[in-house]
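Chemist: A structural model of the following input is requested.
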Amino acid sequence: MKEKKTLKTTKIRKLMVKDLPQIIRIEEAITQAKVGQQKKTFLRDHIQKDGSVSFVAQVEGQVVGFIISEILTNSFGLEQGGWIENFGISPQYMGQGIGQTLARHLFETYRKKKIFEIYTSVRWDSVDLLSFFKSIGFDRSNFINLYKRLDLKE
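Modeler: Numbering: from 1, shown residues only. Prediction:
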């Protein structure tokens with residue numbers, strides 16, 4: 001197991017297209033799987049999208065975490081709200097408060113935009129991620145995620 005790095009100063013800034021390779025590296029380190037082209041396209045498109053509210057955390061100039069979010073308007077019966085699409089911290093930097101720092105920055109940005117409800121979706125078996133979101137004040141919402149898998153032929 002890799003030794004945890006000592007946390008220096010964490011800088012939070014807007015996520016940019018040039019950060020994509022580092023975001024992909026973090027995703028692959030977390031999931032232990034290659035990021036496919038579809039996900040790469042999603043990430044690139046999201047970074048450039050109007051309404052994107054996304055940030056990276058840097059330590060000593062290196063991107064070590066990210067939060068990808070957007071403003072949703074008139075979606076799911078909400079007039080306006082924030083939606084966290086994706087979030088990740090490089091494994092060697094987990095547990096050092098970087099995720100909470102990113103979340104605080106995101107929350108403050110939404111407050112300035114007069115958006116006071118933020119949503120996300122987490123797999124029920126992602127215990128670490130559920131614990132993280134609970135630690136920053138998230139709770140169950142009044143939405144239920146629904147799912148349907150389409151057969152090739154139906």
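Chemist: what does the longest helix that the chain contains contact?
Modeler: Criterion DSSP state H: the longest helix present in the chain is helix 98-112. Contacting residues not belonging to helix 98-112 are listed as 7, 10, 12, 53, 55, 57, 59, 64-67, 69, 82, 84, 87, 89, 116, 118, 132, 135-136 [C-beta atoms under 8 Å, 6 or more residues apart in numbering]. In short, each C-beta sits where N, CA and C put it, glycine included.
Chemist: what does stretch 53-64 give?
Modeler: Contacts of stretch 53-64 (C-beta under 8 Å, 6+ apart): 5, 7-15, 19, 22-23, 26, 46-47, 65-71, 82, 89-90, 93, 98, 101-102, 105-106, 109-110, 113.
Chemist: So what's the model's average confidence on it?
Modeler: For stretch 53-64, the mean per-residue pLDDT is 96.
Chemist: Okay, now the unreliable bits of this structure?
Modeler: Applying pLDDT under 70 to the chain flags residues 1-8, 76, 154.
Chemist: Can you give me the buried ones in the lengthiest strand in it?
Modeler: Ranked by residue count and defined by DSSP state E, the top strand of the chain is strand 62-75. Across strand 62-75, burial judged by 16 or more other C-beta atoms under 10 Å covers 63-72.
Chemist: Please tabulate those residues in CSV, including the columns distance to Leu152.
Modeler: Listed next are the buried residues of strand 62-75 as CSV, based on distance: C-beta to C-beta, whole Å:
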residue, distance to Leu152
Val63, 39
Val64, 41
Gly65, 38
Phe66, 35
Ile67, 36
Ile68, 31
Ser69, 34
Glu70, 31
Ile71, 36
Leu72, 31
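Chemist: Of those, which pair is most distant in space?
Modeler: Within the buried residues of strand 62-75, two members stand farthest from each other by C-beta to C-beta: Val64 and Leu72, at 27.5 Å.
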